[in-house]
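Engineer: Predicted model and sequence below, questions to follow.
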Amino acid sequence: MDNNQNDNNQNGKSQDKASHNEQKPFKRRPNPYRKPKPVNQTNPTAPAAGNNDEQKKNTNEFKSNKNRKNFNKPRSSKKNSATITEEMNVSLEANKAVQEIRMNPYKKIDINNQAKVRFTPLGGLGEIGGNIAVLETEKSAIIIDVGMSFPDETMHGVDILVPDFSYLHSIKDKIAGIVITHAHEDHIGAVPYLFKELKFPIYGTPLALAMIQGKFDEHGLKNDSSYFRYITKRERYDIGEFKVEWMHMTHSIIDSSSLAIETPAGTIIHSGDFKIDYTPVDGFTPDLHRLAYYGEKGVLCLLSDSTNSHNPGFTKSEIVVGKTFENIFKTTKGRVIMSTFSSNLHRIYQAMDTAITHNRKICVIGRSMEKNVEITRTLGYVDIDEKHFIEPHEIPKYPDHEILVVTTGSQGETMAALFRMATDEHRHIKLKPSDTVIISAKAIPGNESSVSKLMNHLMKGGCNVLYQDVPDIHVSGHAGQEEQKLMLRLIQPKFFLPVHGEYNHIAKHAKTAVSCGVDERNIVLMSDGDQVEISAKYLKKVKTVKTGKIYIDNQNNTAIANDVVLDRQKLAEDGIINIVAQVSQENQKLIGKPVVMSYGLVADREIKKFTNDISAMIETMLSAMKPEALKEHKAVENEIRNMVKRHVIKIKKRYPLIIPTIFIV
């Protein structure tokens, strides 16, 4: 038994002695932050002597709860009243002490510990995806995940977003390693971009590191696999000043983990992305025993996934999707084409197993899908014999009722295989009315219009499309409220930081935590860049660091400058005006009419009048200028730009990009 436990036992004994002299007033649940007020020993319903207002408050509190059960203090009645013996009182108080430490195990933490750590999310808050965070002491730091996110519709020509690594550069000398929770793109997708700037050891499961290796190969970083550190779950690894343990967790990808991080200030639990699946496809249930073990020892802070914090109840088990597939395959006579996230391998293999049961051959189409299936088969996570697979060009050799196509494109990506099939541009697959297309995924926020466009193309082709209207065709990989409560009750942390989600998600998760006994003063709602300091005594925001996004063009894996993206947005929203004119320096007049070209602003039928208006304004401006001003043609261009800008704002209420080119002769 450790010293903290001994101290707590001693405290419990001292409380037993004190209980002979005083009793605590009625409270529905012990509050560790408020000392109890004594009550009259002879009449437990009467408040103790003291301030009258306090007496009234305690009396009213008792009256308002008089019909509720109260197991924390003896009850008495005029009829058949029990005799409260000294031994009974000792037992009651001892049990109260046990319940107090059981419900608040963090009290075992040494309050005199002066150590502190800082937690800084650099992505994943205020958004869905792009998860990356830093946990650091004065001498050491670890990075938790390095994920990418997806652009919105205004980011023209941008394929993915990766975090701004500026803060990592500022602390690079004390970063001891990168800790990976699981292999989803929003947790590992930006690792190769980080490695082009900074390199650190990467700790993760074989699957996560194998998928990162595939990315390194694409980016010319093949030799950087020397930084890989393969972990074994339930073992602790010294990384700088931290001891990190991976604990198995269920999610929508194989081999996900929660983290137990022992820091100088105390133990921090990071849930990772999770749901509590009691019947997972591979049979490996969440390691609740290990979570409870750390919870019993006393956890300083819990960081927990907030994605589904608005969803009441439990998230359904992944296995229910397999039953849906079975019902679909039973009644489908033509080809089945199933699309989901390429990383949702348990779902992919459920579809494959069902296909084998119904004597269908399996064709995997899509680069990321093919790669992920091959990795998991090679590593032995699943076992499907090679004889069940066929190549795309072999599909015509088999009857339609013997074909399953597993493909990418569930998010409506225009370059993905399913979209090319829907638009009749795929090299091997031509859709027909007898095909059944299963979209076993939910649209990522921001992708709704892309998915809708895909659905329109598929339905125009006459396919039978099965999507969200079919029950259990998709289940989430994230915890609902009841699973979040279970995580909170297993850990019973002193402090709570909801992570992974937009602000409304973390705010809702915070309310759930309060309902599970976490003091609302011990919760901080963060945004990307907020740095929170954690010690045994307090949790507080201390500063904000630089964060942001780097725009990436996937065609060549290079960054796109911010001003280029802003120019694209401006062109898309407000259009462009090009003005080319010649000016005579001798008489300060235009030589001929200016050439005015407008895109996205002025209709063709209006361009003649628009050109005449600009020509007249330029003539007026030139006549009012001093002769020496014409010697600076850049100054003339700026004057024309500002003049045309005011005119367009007045008539069109727009702010186009205006490019005047003036030749002074």
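Structural biologist: That came through, no problem.
Engineer: Sketch out the helices for the stretch 451-600 of the chain, chain order is fine.
Structural biologist: 481-491, 503-515, 562-574 (DSSP state H, counting those that start in this stretch).
Engineer: Over to the stretch 251-400 of the chain?
Structural biologist: 288-297, 319-331, 345-357, 367-379.
Engineer: Dump those helices into a markdown table; add mean neighbour count and mean pLDDT as well.
Structural biologist: Every residue, glycine included, has its C-beta placed from N, CA and C. Converted to a markdown table, these look like this (neighbours: other C-beta atoms under 10 Å; pLDDT from 0 to 100):
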| stretch | mean neighbour count | mean pLDDT |
| --- | --- | --- |
| helix 288-297 | 17 | 97 |
| helix 319-331 | 17 | 96 |
| helix 345-357 | 21 | 96 |
| helix 367-379 | 17 | 93 |
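Engineer: Give me whichever of the helices of the stretch 451-600 of the chain is most buried.
Structural biologist: The highest mean neighbour count among the helices of the stretch 451-600 of the chain, using mean count of other C-beta atoms under 10 Å, belongs to helix 481-491: a mean of 21.
Engineer: Out of the helices of the stretch 451-600 of the chain, which gets nearest to Met459?
Structural biologist: helix 562-574 (28.5 Å; C-beta to C-beta).
Engineer: re earlier: can I get the helices of the stretch 251-400 of the chain in JSON lines with distance to Ile607?
Structural biologist: Listed next are those as JSON lines, based on distance: least, C-beta to C-beta, whole Å:
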{"stretch": "helix 288-297", "distance to Ile607": "68"}
{"stretch": "helix 319-331", "distance to Ile607": "56"}
{"stretch": "helix 345-357", "distance to Ile607": "54"}
{"stretch": "helix 367-379", "distance to Ile607": "45"}
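Engineer: Low-confidence ranges, the stretch 351-500 of the chain, go.
Structural biologist: For the stretch 351-500 of the chain, no stretch is flagged by pLDDT under 70.
Engineer: Repeat that for the chain.
Structural biologist: Short version for the chain, where the test is pLDDT under 70: 1-81.
Engineer: tell me, what residue is most central in it?
Structural biologist: For the chain, His500 is the residue whose C-alpha lies nearest the centre (C-alpha atoms, centre = their mean; 3.6 Å).
Engineer: hmm, back to that, any chance of TSV for the helices of the stretch 451-600 of the chain, columns distance to Leu379?
Structural biologist: What follows is those, written out as TSV (distance: least, C-beta to C-beta, whole Å):
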stretch	distance to Leu379
helix 481-491	28
helix 503-515	33
helix 562-574	38
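Engineer: who touches the residue nearest to Ala292 when sequence neighbours are not counted in this structure?
Structural biologist: For Ala292, ignoring the flanking residues on the chain, the nearest one in space by C-beta to C-beta, 6 or more residues apart in numbering is Leu490 at 5.0 Å. For Leu490, the contact set (C-beta atoms under 8 Å, 6 or more residues apart in numbering) comprises Leu288, Leu291, Ala292, Gly295.
Engineer: nearest to Tyr467, of these?
Structural biologist: Leu288 (33.6 Å).
Engineer: OK, contacts around that closest one?
Structural biologist: Taking C-beta under 8 Å, 6+ apart as the test, what Leu288 contacts is Ile276, Leu486, Leu490.
Engineer: from those residues, which single one is nearest Ala572?
Structural biologist: Ile276 (44.0 Å).
Engineer: which residue packs closest to the closest one, ignoring adjacent ones?
Structural biologist: Glu483 (4.3 Å).
Engineer: in terms of contact, does the one you found touch Lys275 like I think?
Structural biologist: Yes - assessed by C-beta atoms under 8 Å, Glu483 is found in contact with Lys275 at 5.8 Å.
Engineer: Overlap in contacts, those two.
Structural biologist: Taking C-beta under 8 Å, 6+ apart as the criterion, Glu483 and Lys275 both touch Thr315.
Engineer: quick one, strands of the stretch 101-250 of the chain?
Structural biologist: Counting by DSSP state E, counting those that start in this stretch, one finds strands in the stretch 101-250 of the chain at the ranges 116-123, 132-136, 141-146, 160-163, 175-179, 202-204, 228-230, 236-239, 242-249.
Engineer: Just the residues contacting the fourth one, thanks.
Structural biologist: Contact with strand 160-163 is made by 122-123, 130, 132, 146-151, 155, 189-190, 193-194, 547-552, 554, as judged by C-beta under 8 Å, 6+ apart.
Engineer: if we can go back for a sec, so what pairs up with the residue lying closest to the residue nearest to the centre of the chain once chain neighbours are set aside in the strands?
Structural biologist: Leaving aside its chain neighbours, His500 sits nearest to Asp305 (4.7 Å; criterion: C-beta to C-beta, 6+ apart). With DSSP bridges as the criterion, Asp305 is bridged to Val499.
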